[in-house]
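# need a structure here:
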Amino acid sequence: MPSQRLFGVLNLNKPAGVTSRDVVNIVQRLVRPNKVGHAGTLDPLATGVLLVCVGSATRLVSTLQQAPKTYLAEFQFGVRSDTDDNTGVVEDVTGATPVTKKQIQQLLPEFCGMVEQIPPSFSAIKVNGQRAYAMARKGQNVALTARPVRIDSIEIQKYHWPKLTVEIHCGSGTYIRSIARDLGERLGCGGLMTALERTGIGEFTSSDGINPSSLTAATIADAVLPAVDVVSHISHYNCTEEEQAIISRGGAFDVDRQRFSKNHLLPDRPGDQEELKKNPPVALVSECGTRLLALAETRRQGRRIQPRTVFMTVEGQEQDQ
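Residues are numbered from 1 along each chain as shown. Sure, this is the predicted structure:
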């Protein structure tokens, strides 16, 4: 087992038939005493990108969860199930008739944007302190309320009644099973999900993912990607050695605008004053941009940076977990 301190993320391509927890357990056995944590559960049915943070990078899980996600999903019409996919009790919808691709296409805009979505009864949502799926398995009535989710686009890839394949770009918390269920209901024929692949989270793709079963104690350290890759979707600020010393103590410092390596909100652009009140996150990186030093916020209308989550010590090493 690796004795070195690891700090980064594993891009794993989860196979069908195993839980996200099963995958995390594989990694945990190989990297002890380093911590591990995954960003975004996949159901056993689903395959694709499962990001597992290692070491101090576990503090980046919430950041990763906010990254945009891409799914390739297969829906089946003319049927329903209690789980909204084909792993539950499936029943035919009486009187269901085939729908056209045009009918589907006309409805898809209703499912895009900021929409209210009711999660599946068999989900990890908590109801009065209990997981919804645990209540549903006991036959208890599970009344879940709609939640706002962001769905950027749904594009038809293939359709031949009763099977529909779509590519979905969405934000955190979106249930693809719910889209299958609700689309089927709007079409009047019922629907459920039969297959799901998460093809991307931010810059991480399933085509670049590693099969968890191929990991060994000898290879896992090389498979851990730099923590700076986790924050590719937010602004980067390249820090001088002097600023790095300040960061290691959690101190704030004045901004040099020229060292934002990505487009960042600055107060001299129209409409920025209101946006700056939201304190957009900034990734503080080494001068060459290869090491993540801290996550920070901008203050004083974008003129000052305040570190919030610091990963490096005064000696320039990652902090203990």
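
# Which residues are in contact with M193?
The contact partners of M193, by C-beta atoms under 8 Å, 6 or more residues apart in numbering, come to L45, A73, E74, F75, Q76, D84, D85, N86, I176, R177, A180. Bear in mind the C-beta positions are built from the backbone N, C-alpha and C, glycine included.

# For the fourth one, name its beta-bridge partners.
The one in question is F75. L164, M193 (DSSP bridges).

# What score does T19 have for pLDDT?
The confidence metric pLDDT takes the value 92 at T19.

# do you know how far it is from L42?
Distance of T19 to L42, given as C-beta to C-beta, to the nearest Å: 8 Å.

# neighbour count winner among the two?
L42 (20 against 13; other C-beta atoms under 10 Å).

# who's in contact with that one?
L42 neighbours (C-beta under 8 Å, 6+ apart): K14, S20, G48, L50, L196, R198.

# May I ask which of those has the most neighbours?
L50 (28 neighbours).

# would that one count as being in a helix?
No - assigned with DSSP: H, G, I helix; E, B strand; the rest coil, L50 falls outside any helix and is strand.

# looking only at pLDDT, what's the mean for stretch 72-92?
Mean per-residue pLDDT for stretch 72-92: 96.

# Repeat that for stretch 211-220.
94.

# In the stretch 1-150 of the chain, what residue spans correspond to helices?
For the stretch 1-150 of the chain, helices defined by DSSP state H, counting those that start in this stretch occupy the ranges 20-31, 61-65, 101-107, 132-137.

# re the thing from before, which one of the contacts of L42 sits closest to A124?
S20 (10.3 Å; C-beta to C-beta).

# Was I right to think the closest one contacts L12?
No - in this structure, S20 is not within contact of L12 by C-beta atoms under 8 Å, at 9.6 Å.

# Need the residues touching each of the two.
With C-beta under 8 Å, 6+ apart as the test, S20 and L12 both reach L50.

# quick one, domains of this protein?
7-67+203-228, 69-201, 234-310 (automatic domain parsing).

# And the nearest residue to T41 once chain neighbours are set aside, how far from V36?
Leaving aside its sequence neighbours, T41 sits nearest to S20 (C-beta to C-beta, 6 or more residues apart in numbering; 4.6 Å). Separation of S20 from V36 (C-beta to C-beta): 12 Å.

# ok, back up a step: among the contacts of M193, which lie within strands?
Using DSSP state E, the subset of these located in strands is A73, E74, F75, Q76.

# next SSE after the helix or strand of the chain with the lowest mean pLDDT?
One helix or strand of the chain scores below all others by mean pLDDT, DSSP states H and E: helix 272-276, with a mean of 42. Following helix 272-276 in sequence order, the next helix or strand is strand 281-285 (DSSP states H and E).

# What segments of the stretch 151-300 of the chain are strands?
Taking DSSP state E, counting those that start in this stretch, the strands of the stretch 151-300 of the chain run over residues 163-170, 191-201, 204-205, 225-226, 235-238, 253-254, 281-285, 292-299.

# Output these in TSV; the columns should cover mean pLDDT.
As requested, the strands of the stretch 151-300 of the chain are exported to TSV (pLDDT from 0 to 100):
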stretch	mean pLDDT
strand 163-170	98
strand 191-201	97
strand 204-205	95
strand 225-226	94
strand 235-238	91
strand 253-254	92
strand 281-285	90
strand 292-299	90
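
# Turn those strands into TSV, including distance to R29.
TSV is the format used below for these (distance: least, C-beta to C-beta, whole Å):
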stretch	distance to R29
strand 163-170	32
strand 191-201	24
strand 204-205	23
strand 225-226	20
strand 235-238	34
strand 253-254	41
strand 281-285	30
strand 292-299	26
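
# Of the ones you listed, which is nearest L64?
strand 191-201 (6.7 Å).

# Just the CA atoms of the closest one, as CSV, please.
Extracted C-alpha coordinates of strand 191-201, given in CSV (Å, rounded to 0.1, in the frame of the first residue of the first chain):
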residue,chain,number,x,y,z
GLY,A,191,-41.7,5.6,-19.4
LEU,A,192,-38.7,4.4,-17.5
MET,A,193,-35.0,4.4,-17.8
THR,A,194,-33.2,1.2,-19.0
ALA,A,195,-29.6,2.3,-19.3
LEU,A,196,-27.4,5.2,-18.1
GLU,A,197,-23.8,6.2,-18.7
ARG,A,198,-22.4,9.3,-17.1
THR,A,199,-20.0,10.3,-19.9
GLY,A,200,-18.6,13.4,-18.2
ILE,A,201,-18.2,15.5,-15.1
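
# could you give the angle of it to strand 163-170?
If you take axes from the mean of the first three to the mean of the last three C-alpha atoms, to 10 degrees, strand 191-201 sits at 40 degrees to strand 163-170.

# next one: strand 191-201 to chain centre, how far?
From the chain centre to the centre of strand 191-201 is a distance of 14 Å (C-alpha atoms, centre = their mean, to the nearest Å).

# returning to what we had before: save the helices of the stretch 1-150 of the chain as TSV, and put in distance to D92 too.
As requested, the helices of the stretch 1-150 of the chain are arranged in TSV below (distance: least, C-beta to C-beta, whole Å):
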stretch	distance to D92
helix 20-31	31
helix 61-65	37
helix 101-107	20
helix 132-137	21
